[in-house]
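> sequence unknown, structure follows:
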Ligand code: RTP
Ligand code: MG
């Protein structure tokens with residue numbers, strides 16, 4: 001089953017949106033198989049956003065994601081990678097549709113609340129950066145449980 005890495009960035013935590021975001025992920029039908037709140041250190045943040053290291057906003061991006069605790073998740077389900085990107089909405093909240101997390105709660109790119117992996121390769125890479133092999137759990141959601 002497809003897995004993706006999702007982060008509630010420090011502004012999402014500071015604004016008390018963790019429950020709202022987790023709720024949207026769960027209601028969509030996805031299964032959270034790993035979940036942690038922690039401060040992401042600078043080296044980890046730089047590794048996570050390595051693709052942007054030459055960009056002019058790189059230093060402020062690293063300062064932003066290390067500015068407070070964030071919530072990291074592994075989200076599992078059919079088409080989880082692309083659907084989580086749709087749930088998050090466009091990178092720049094100006095372009096994010098209402099009904100998306102960024103379209104409902106954000107007004108600027110530098111405070112856009114959430115992250116989700118953008119490809120299978122990125123998902124694999126980001127999950128291994130943020131989680132150890134034994135940190136995800138194996139369980140059945142109610143719709144996966146055979147009662148009879
Ligand atoms: P993310 O990686 O955080 O899920 O966001 P994304 O794929 O939608 O966008 P990406 O291009 O990967 O950019 C990563 C994050 O960098 C910040 N950013 N700032 N000032 C700027 O022009 C700018 N552009 C990007 C945003 O926090 C963006 O989410
Ligand atoms: Mg990205």
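In hand now; what should we look at? Everything numeric in this text was worked out from a predicted model, so none of it was measured. Ligands and ions are numbered 1, 2, ... in the order given.
> residue boundaries of the strands in this protein?
For the chain, the strands defined by DSSP state E occupy 3-8, 31-38, 70-76, 114-116.
> which bits of the chain sit near ligand 1?
Residues of the chain lying close to ligand 1 (Cβ under 6 Å from any ligand atom) are 52, 57, 61, 91, 109, 110, 112, 115, 116, 118. Placement of C-beta: from N, CA and C, glycine included.
> For residue 37, give its distance to residue 145.
For residue 37, the distance to residue 145 (Cβ to Cβ, to the nearest Å) stands at 28 Å.
> picking up where we left off before, turn the residues of the chain next to ligand 1 into JSON lines, including neighbour count and distance to residue 102.
Putting the residues of the chain next to ligand 1 into JSON lines (neighbours: other Cβ atoms under 10 Å; distance: Cβ to Cβ, whole Å) gives the following:
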{"residue": "52", "neighbour count": "13", "distance to residue 102": "18"}
{"residue": "57", "neighbour count": "12", "distance to residue 102": "16"}
{"residue": "61", "neighbour count": "19", "distance to residue 102": "16"}
{"residue": "91", "neighbour count": "15", "distance to residue 102": "8"}
{"residue": "109", "neighbour count": "16", "distance to residue 102": "9"}
{"residue": "110", "neighbour count": "12", "distance to residue 102": "12"}
{"residue": "112", "neighbour count": "23", "distance to residue 102": "5"}
{"residue": "115", "neighbour count": "22", "distance to residue 102": "11"}
{"residue": "116", "neighbour count": "24", "distance to residue 102": "11"}
{"residue": "118", "neighbour count": "16", "distance to residue 102": "14"}
